[in-house]
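Enquirer: pasting a predicted model and its sequence here:
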Amino acid sequence: MAQFATGGTPDVFAPGHIGELTQVIPPELVDAVVEETGTREKRLRRLPSRVGVYFVLALGMFEHLGAQLVWDKLVAGLSGNVPRPSEKALRDLRRRVGVAPLQRLFDVLAGPLAQPSTPGVRYRR
């Protein structure tokens, strides 16, 4: 089991533990994008950069909610010692992650959903 850097408790943010978003965007991809863009945290933190990327994605999904309520939705299914960051900590997390990993993630994932065999689809040449 992954160990949390602070206090030796199990890491509730280990890959695959951050809810349904990890089913759509694999943690390995997020880790690769964070590493590629140089936005990995410089020191061990309770809120790693991977969590920050998923948090910013969740902010986009629940734009009508505040950061704290979005955080609550993101970690709702987690058990164990889940941090309850302040609004300032969430704002700092967002700033620390920045836009680079999200832009790169978009570049990797964006593409047409339809295939040439999809009924009613016409590709322009």
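Expert: All right, it came through fine.

Enquirer: and the most centrally placed residue in the chain, how close does it get to residue 67?
Expert: The residue lying closest to the centre of the chain (C-alpha atoms, centre = their mean) is residue 54, at 1.6 Å. Distance, residue 54 to residue 67, by C-beta to C-beta, to the nearest Å: 13 Å. Bear in mind the C-beta positions are built from the backbone N, C-alpha and C, glycine included.

Enquirer: swap in residue 76?
Expert: Residue 76 is 15 Å from residue 67, by C-beta to C-beta.

Enquirer: which one's more surrounded, these two?
Expert: residue 67 (20 against 9; other C-beta atoms under 10 Å).

Enquirer: wait, is residue 89 part of a helix?
Expert: Yes. Counting by DSSP: H, G, I helix; E, B strand; the rest coil, residue 89 is found in a helix.

Enquirer: if anything else comes up later, I'll come back, but that's it for now.
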